[in-house]
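In: The amino acid sequence is not available; the structure is as follows:
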């Protein structure tokens, strides 16, 4: 009965109720879409980091990541890689020789990380082969091909088939160099990565460094689903002895931390919106109470308990908030769902975003848990907003209220 009466009371002043409902709807809709946009951007960054830069799991000698010295390699890594490739949920395994080195062209040089890879294995783990903007992925050059990032190519002023020289130290700490030709140029959404990572064939780099056969510095593993990363990591640890087995979250803790911070930011953003709406709802309900001063006094005079009047005001406010909130959530979810399949183009901010590793093409991502949380928060907002007006209403003196014209 109270719910029906409360619902009718909301529509006694249609214009005012519609204004409040519109404000709540637009606020919640903007909040849902904004959080879906930020989550989509972060999901894209994590996806890029995993599938382009890091892979799900990496294995190293325990001292290699600390020193990056050539001598801290893993002997017999080819046997270990084949064994890992047979594990459940593993989609690809690749071995890498990694050397911090110099690459130079006829004009200038730059410090880079040289990665000796087996191209066919690397395709199963990372998507560099799909990021080519010029030339081909280790094709077209028979001897010593190299694949470099577009940012580095501009810095060195080289093109496909241009000659570059890689200078490094071998296993005996002797300075050695090799001439390579650019087979392809790639471009990712992270310009810092493009500028500092160079790919050559495993055999070519092994010959330059005199690394033992079957050895490497890094084994990168891709799993079928990120949810299986931890279980696969634990299985690998049982077979690797003293080697360091790390997930992408351990390799790049700052990236994992950003995702946690972004989740907290999304809830803070929604709370700010609800806080602003809270005062608007309180103001509206106070106006309602003042207009119905005489009516409330009459209800008290004929015997309606103050508790029922209190509940009636609470229910009115919650219904008002919930109607606007649910409408806003539905509209925000529908808009976000649309942009899950249609890119939001931020190319005008592309250069700045790419320096931070973010793509200029963003899809939204709806988190069901967030939608449920927002719904609960809207209900609590309605209850909190109703308390002060409801308390004010039940303090009216019936005799005094009835004398008001």
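Out: Noted; the coordinates are in hand. These numbers were taken from a predicted model, which means no experiment stands behind them.
In: C-alpha from now on. contacts and neighbour counts both.
Out: OK.
In: so how far does stretch 63-77 reach from one end to the other?
Out: End-to-end distance of stretch 63-77: 16 Å, with Cα to Cα, to the nearest Å as the criterion.
In: Give me the contacts around it.
Out: By Cα atoms under 8 Å, 6 or more residues apart in numbering, the residues outside stretch 63-77 that reach it are 60-61, 95, 98-100, 170-171, 212-219.
In: for that stretch, which positions count as buried?
Out: Residues 64, 69-75, 77 are the ones in stretch 63-77 that count as buried (16 or more other Cα atoms under 10 Å).
In: These in helices, which ones?
Out: The members of the buried residues of stretch 63-77 that map onto helices under DSSP state H are 64, 77.
In: And the buried residues of stretch 63-77, which two are furthest apart?
Out: Distance extremes for the buried residues of stretch 63-77: the farthest pair is 69 and 77 at 17.0 Å, using Cα to Cα.
In: returning to what we had before: now, the contacts of stretch 63-77 that are in strands?
Out: 60, 95, 98-100, 218-219 (DSSP state E).
In: Redo the residues you listed as CSV? Include pLDDT.
Out: Below are the ones in strands among the contacts of stretch 63-77 laid out as CSV (pLDDT from 0 to 100):
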residue, pLDDT
60, 91
95, 93
98, 92
99, 92
100, 89
218, 92
219, 93
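In: For those residues, give me a markdown table that also has neighbour count and distance to residue 190.
Out: Shown next, in a markdown table, are the ones in strands among the contacts of stretch 63-77 (neighbours: other Cα atoms under 10 Å; distance: Cα to Cα, whole Å):
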| residue | neighbour count | distance to residue 190 |
| --- | --- | --- |
| 60 | 22 | 24 |
| 95 | 26 | 23 |
| 98 | 24 | 20 |
| 99 | 20 | 21 |
| 100 | 17 | 19 |
| 218 | 22 | 22 |
| 219 | 22 | 22 |
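In: Out of these, the closest to residue 192 would be?
Out: residue 100 (15.5 Å).
In: So in terms of bridging, what pairs with the closest one?
Out: residue 113 (DSSP bridges).
In: quick one: low-confidence parts of the stretch 101-250 of the chain?
Out: Applying pLDDT under 70 to the stretch 101-250 of the chain flags no residue at all.
In: let's see it at 80
Out: By pLDDT under 80, the low-scoring segments of the stretch 101-250 of the chain are 241.
In: Strands along that one, start to end?
Out: 109-117, 132-135, 145-149, 163-169, 175-186, 197-201, 218-223, 244-247 (DSSP state E, counting those that start in this stretch).
In: Contact partners for residue 133?
Out: Here residue 133 is in contact with 184-187 (criterion: Cα under 8 Å, 6+ apart).
In: show me the contacts for residue 100.
Out: 68, 111-114, 168.
In: Repeat that for residue 329.
Out: 25, 28-29, 32, 371, 375.
In: and with 10 Å instead?
Out: 25-33, 335, 371-372, 374-375 (Cα atoms under 10 Å, 6 or more residues apart in numbering).
In: go on, residue 247?
Out: 50, 54-59, 220-221, 226, 229-230, 232-233, 253.
In: beta partners of it?
Out: Counting by DSSP bridges, the residues bridging with residue 247 are residue 57.
In: Would you mind measuring from it to residue 57?
Out: Taking Cα to Cα, one finds residue 247 at 4 Å from residue 57.
In: Identify the contacts common to the two.
Out: 50, 220-221, 229-230, 232-233.
In: And what about the residue nearest the centre of the chain, helix, strand or coil?
Out: Closest residue to the average C-alpha location of the chain: residue 42 at 1.7 Å, with Cα atoms, centre = their mean. With DSSP: H, G, I helix; E, B strand; the rest coil as the basis, residue 42 sits in helix.
In: The closest residue to it other than its chain neighbours: what's it in contact with?
Out: What sits nearest to residue 42 in space, not counting adjacent residues and going by Cα to Cα, 6 or more residues apart in numbering, is residue 259, at 6.5 Å. For residue 259, the contact set (Cα under 10 Å, 6+ apart) comprises 38-39, 42-43, 45-46, 265.
In: Strands - which of these land there?
Out: Going by DSSP E, the strands hold none of the contacts of residue 259.
In: For the stretch 151-300 of the chain, just list every one of the helices.
Out: Assigned by DSSP state H, counting those that start in this stretch, the helices in the stretch 151-300 of the chain fall at 191-196, 202-209, 229-240, 248-251, 253-291, 293-301.
In: Assess the claim that residue 287 and residue 390 are in contact.
Out: No: with contact defined as Cα atoms under 10 Å, residue 287 does not reach residue 390; the gap is 11.8 Å.
In: Between these two, which is the more surrounded one?
Out: More neighbours surround residue 390 than the other of residue 287 and residue 390, with 22 against 13 (other Cα atoms under 10 Å).
In: Just the pLDDT at residue 292, thanks.
Out: Residue 292 is assigned a predicted lDDT (pLDDT) of 68.
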